[in-house]
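K.L.:
dropping the sequence and predicted coords here.
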Amino acid sequence: MTYLRLTIALGLAALTAACDKKAEAPASKDSSQPVSATSSMPGAMAMEPSAAAAIEAKGHGIVTAIDKTASMITLSHDAIPEAKWPAMTMGFKAAPGVTDAVAVGDKVDFDITIKGSVGEVTAIHKR
């Protein structure tokens, strides 16, 4: 019974202390500034670039597949810091001529344009 009374007393004390705190002032509503979903979360890391801003980046990797009819190339690439992407294997849309410049198994350096979580390989060169 004493344990129950102590628990209730501590709970009421915590609630009273929380009620005395002032609410944080809301952020200004400046419509000219885009709001990030993670901007209000301290310590939050963005996992991908904004869909509105295209990012130009360079990467290094190995060609694992080519689909010339769909203009797609699959690369096992190192981390791409500009996009906050870890090393992985993924397929990309390929600009004209990219799929003709390399073969499966080639080690390559490539340029990529990233919009949101989608990338397009714009240039590629064998290492």
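P.N.:
Yep, that arrived.
K.L.:
ok, then the element right after the least confident helix or strand in the chain by mean pLDDT?
P.N.:
For the chain, the helix or strand with the lowest mean confidence is helix 2-20, at a mean of 61 (criterion: mean pLDDT, DSSP states H and E). Counting by DSSP states H and E, the next helix or strand C-terminal to helix 2-20 is strand 55-67.
K.L.:
buried set for the helix or strand following that next one?
P.N.:
Using DSSP H and E, the helix or strand that follows strand 55-67 in sequence is strand 72-77. By 16 or more other C-beta atoms under 10 Å, the buried positions in strand 72-77 come out as Met72, Ile73, Thr74, Leu75, His77. Heads up, the C-betas are built off the backbone N, CA and C, glycines and all.
K.L.:
ok, now stretch 75-88?
P.N.:
So stretch 75-88, judged by 16+ other C-beta under 10 Å, has buried residues Leu75, His77, Ile80, Ala83, Trp85.
K.L.:
which one of the residues you listed is nearest to Gly97?
P.N.:
Leu75 (16.1 Å; C-beta to C-beta).
K.L.:
quick one: the closest one from Val104, how far?
P.N.:
According to C-beta to C-beta, to the nearest Å, Leu75 and Val104 sit 11 Å apart.
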